[in-house]
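Student: how would this look folded up:
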Amino acid sequence: MHPRDQFSRTVCDCDKCRKPCRSVPGMLAPQDLERIADYLDLPIHAALPLFRASPGAKVAKLTAIGPQIFRIRTIVPASDKDGTCVFLRDDGRCDIHLVAPFGCSHFDMHLSRHEGDRRSSACLRAIMEDDEYQVYWHALAADGLVSEAPETKRHRLERLTT
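Tutor: Residues are numbered from 1 along each chain as shown. Now for the predicted structure:
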């Protein structure tokens, strides 16, 4: 099941909820890239430079010898030099709000950690099962279109919110 079918889109538009747009653009779920390219009236190959291959989220898998930490590679919107999402306009609004990535449209700063983890887990499972997503990730990485690790970006967000 696609994560968009499992969870409701969040609706908060407060300043706090828009801060991640300036430092941690949300991850794309499978089919988000195609939806955004369609919305922008661009073929996928022309839309790809608007995104980056992220090393992705660190996750733990329990094994017989204990937890094994690994990353699930994700695709995220590109950022300007200051870390701001390329889709964020000067007026603080999103150019692609109607088709925003799952990591933007289905999260806000008011979600409980438990709910955020549920949503992230569902999206990451869908990413791992989607071969086409992996092809796009590898194409971005091969072109040098890579993002900082999420934890680096989260540190920037913490500085913005304190």
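
Student: mind jotting down where the helices sit in the chain?
Tutor: Using DSSP state H, the helices found in the chain span residues 3-6, 15-18, 32-39, 44-47, 102-105, 113-128, 131-142, 150-161.

Student: weakest of those in terms of mean pLDDT?
Tutor: When the helices of the chain are compared by mean pLDDT, helix 150-161 comes last with a mean of 65.

Student: for stretch 12-30, what is the distance to the chain centroid?
Tutor: Distance, stretch centre to chain centre, for stretch 12-30: 9 Å (Cα atoms, centre = their mean, to the nearest Å).

Student: err, stretch 74-88, not the other one
Tutor: 10 Å.

Student: do stretch 24-32 as well
Tutor: For stretch 24-32, the distance to the chain centre is 4 Å (Cα atoms, centre = their mean).

Student: just the buried positions in that stretch, please.
Tutor: Within stretch 24-32, the residues scored as buried using 16 or more other Cβ atoms under 10 Å are 24, 25, 26, 27, 28, 29, 30, 32. The way it works is simple: take the backbone N, C-alpha and C, and place the C-beta from them, glycine included.

Student: could you dump the helices of the chain into TSV and include distance to residue 60?
Tutor: TSV is the format used below for those (distance: least, Cβ to Cβ, whole Å):
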stretch	distance to residue 60
helix 3-6	20
helix 15-18	28
helix 32-39	25
helix 44-47	33
helix 102-105	20
helix 113-128	12
helix 131-142	21
helix 150-161	14
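
Student: got a pLDDT number for the residue nearest the centre of the chain?
Tutor: When Cα atoms, centre = their mean is applied to the chain, the residue found nearest the centroid is residue 27 (1.1 Å). In this prediction, residue 27 carries a pLDDT score of 93.

Student: separation between residue 14 and residue 6?
Tutor: Plainly put, residue 14 is 24 Å away from residue 6 if you go by Cβ to Cβ, to the nearest Å.

Student: quick one, which of those two is more surrounded?
Tutor: residue 6 (13 against 10; other Cβ atoms under 10 Å).

Student: how much space separates the nearest residue to the more buried one once chain neighbours are set aside from residue 102?
Tutor: Closest residue to residue 6 apart from its sequence neighbours, by Cβ to Cβ, 6 or more residues apart in numbering: residue 122 at 5.5 Å. Distance from residue 122 to residue 102, counting by Cβ to Cβ: 9 Å.

Student: are there residues contacting both of those two? Which ones?
Tutor: By Cβ atoms under 8 Å, 6 or more residues apart in numbering, residue 122 and residue 102 have these common neighbours: residue 3.
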